[in-house]
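Chemist: Need a 3D model of the sequence below.
(one chain, ligands or ions: 2)
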Amino acid sequence: MKLLVKAPAKINLSLDVLRKRPDGYHEVEMIMTTIDLADRIELALLDSDVIKITSLNRFVPDDQRNLAYQAANILKEKFRVKKGVEIKIEKNIPVAAGLAGGSSDAAAVLRGLNKLWGLGLTLDELAIIGAEIGSDVSFCVYGGTALATGRGEIIKELPAPPVCWVILAKPFIGVSTADIYKRLDVETIEHPNTEKMIESISSKDYDLMCECVGNVLENVTLSLYPEVAQIKEQICKFGADTVLMSGSGPTVFGLIQHDSRMNRVYNGLRGFCDQVFAVRMIGQRHTLD
Ligand SMILES: C[C@](O)(CO)[C@H](O)COP(=O)(O)OP(=O)(O)OC[C@H]1O[C@@H](n2ccc(N)nc2=O)[C@H](O)[C@@H]1O
Ligand SMILES: Nc1ncnc2c1ncn2[C@@H]1O[C@H](COP(=O)(O)OP(=O)(O)OP(=O)(O)O)[C@@H](O)[C@H]1O
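Modeler: Ligands and ions are numbered 1, 2, ... in the order given. Prediction:
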């Protein structure tokens, strides 16, 4: 038996850090939303009791380091599943990009195996299990748009943001999330206005949403990688309404409302950066069908 599951990427429309916690993580306040750039995960039941990962992308680990493997393993151990599974990952989301590609693959495996192995868990139960794999996994279990607090695992659903284009550009570098958080000086942060961002989303006020975007990790990554600042500048120059780095980077996204301007920014960036995507935000949460 086989099942195909989509694993969409996320962007952080806003990312604030409130304090460093005694456990080494940071207390965050983030507005996250899924976009229609997605990995495709094929799950196939195996007779033998193993978890097998395959992917054509050479940057994706094919063993227990893969978050999709960890998702299958955690369900197997918790619910004493004796069957095996082959997980084929068609990687469309750039790796180590600040787009939660690995976390979304893990979340897709949780949703898919819940169905394939007949576990009968709710999205809330899968999100709690997801938090054991990584801070972004709980959000990716639900998808849609949400306020994420705690270390990122406490999720409150928000309405879909106003409709617009999201242009993503990823420079040819990978960034370590742990390294960026470690270098952040929490005392000198200029905090984004999360409340106002929520208000802009709820009232579908596109201009206000553009004003409210902010990411406190951006300056840390920009100071380490000048190419990220250059791409930000280019996206602004080509005419995006607002530009921000996603997560710990290095991917930068621009928001654009009008189709003609989207084409101009997209074509301009293509000549400048090898990984460029023009996508929409996905308003809806995932459902368990
Ligand atoms: C940057 C974001 O992607 C924004 O959505 C997330 O905050 C990071 O989520 P993630 O990659 O799933 O993070 P994890 O795999 O849980 O943690 C990786 C490392 O990032 C740091 N980390 C992560 C989340 C958090 N709230 N505080 C942290 O300090 C920790 O050093 C941790 O060891
Ligand atoms: N399924 C997976 N897909 C991609 N990378 C994975 C996967 N599983 C584990 N990894 C490892 O995780 C690292 C980070 O990759 P990922 O694409 O998830 O980063 P990211 O988008 O920056 O994540 P986040 O935004 O949650 O911080 C990679 O370098 C890779 O070694």
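Chemist: wait, does the longest helix along the chain contact ligand 1?
Modeler: Using DSSP state H, we find that the single longest helix of the chain is helix 101-116. Yes: counting by CB under 6 Å from any ligand atom, ligand 1 is contacted by helix 101-116 at Ser103. For every residue, glycine as well, the C-beta is placed using N, CA and C.
Chemist: Just give me the neighbour total for Ala160.
Modeler: Using other CB atoms under 10 Å, Ala160 is surrounded by 15 other residues.
Chemist: Correction: the previous question concerned Trp165.
Modeler: Trp165, neighbours per other CB under 10 Å, totals 22.
Chemist: how near is it to Thr242?
Modeler: Counting by CB to CB, to the nearest Å, the separation of Trp165 from Thr242 is 12 Å.
Chemist: Do you have the strands of the stretch 151-289 of the chain handy? List them.
Modeler: Using DSSP state E, counting those that start in this stretch, the strands of the stretch 151-289 of the chain run over 154-158, 165-170, 214-215, 242-245, 252-256, 275-280.
Chemist: I should have written the stretch 1-150 of the chain there, sorry.
Modeler: So, for the stretch 1-150 of the chain - with DSSP E, counting those that start in this stretch - the strands run 2-20, 26-46, 51-55, 84-90, 145-149.
Chemist: The longest one packs against which elements?
Modeler: Counting contacts by 3 or more CB pairs under 8 Å, 6 or more residues apart in numbering; DSSP states H and E, strand 26-46 packs against strand 2-20, strand 84-90, helix 101-116, strand 145-149, strand 165-170, helix 194-202, strand 275-280.
Chemist: Please apply the same query to the fourth one.
Modeler: Under the contact criterion of 3+ CB pairs under 8 Å, 6+ apart, strand 84-90 touches strand 26-46, strand 51-55, helix 67-78, helix 101-116.
Chemist: Quick one: closest of the strands of the stretch 1-150 of the chain to ligand 1.
Modeler: Closest approach to ligand 1 among the strands of the stretch 1-150 of the chain (CB to the nearest ligand atom): strand 26-46, 3.6 Å.
Chemist: any chance of the strands of the stretch 1-150 of the chain in a markdown table, with mean neighbour count too?
Modeler: Below are the strands of the stretch 1-150 of the chain laid out as a markdown table (neighbours: other CB atoms under 10 Å):
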| stretch | mean neighbour count |
| --- | --- |
| strand 2-20 | 22 |
| strand 26-46 | 20 |
| strand 51-55 | 18 |
| strand 84-90 | 20 |
| strand 145-149 | 21 |
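Chemist: Around ligand 1, pick out the residues from the stretch 51-200 of the chain.
Modeler: By CB under 6 Å from any ligand atom, the part of the stretch 51-200 of the chain that sits against ligand 1 consists of 100, 103, 134-136, 151-152, 177-178, 181.
Chemist: mind redoing it with 5 Å?
Modeler: 134-136, 151-152, 177-178, 181 (CB under 5 Å from any ligand atom).
Chemist: re the thing from before, between the helices and strands packed on strand 84-90, which one is closest to ligand 2.
Modeler: Closest among the helices and strands packed on strand 84-90, using CB to the nearest ligand atom: helix 101-116, at 2.7 Å.
Chemist: so how far is that closest one off the chain centroid?
Modeler: Centroid displacement of helix 101-116 relative to its chain, using CA atoms, centre = their mean, to the nearest Å, is 14 Å.
Chemist: same question, stretch 36-46
Modeler: That offset, for stretch 36-46, works out to 16 Å (CA atoms, centre = their mean).
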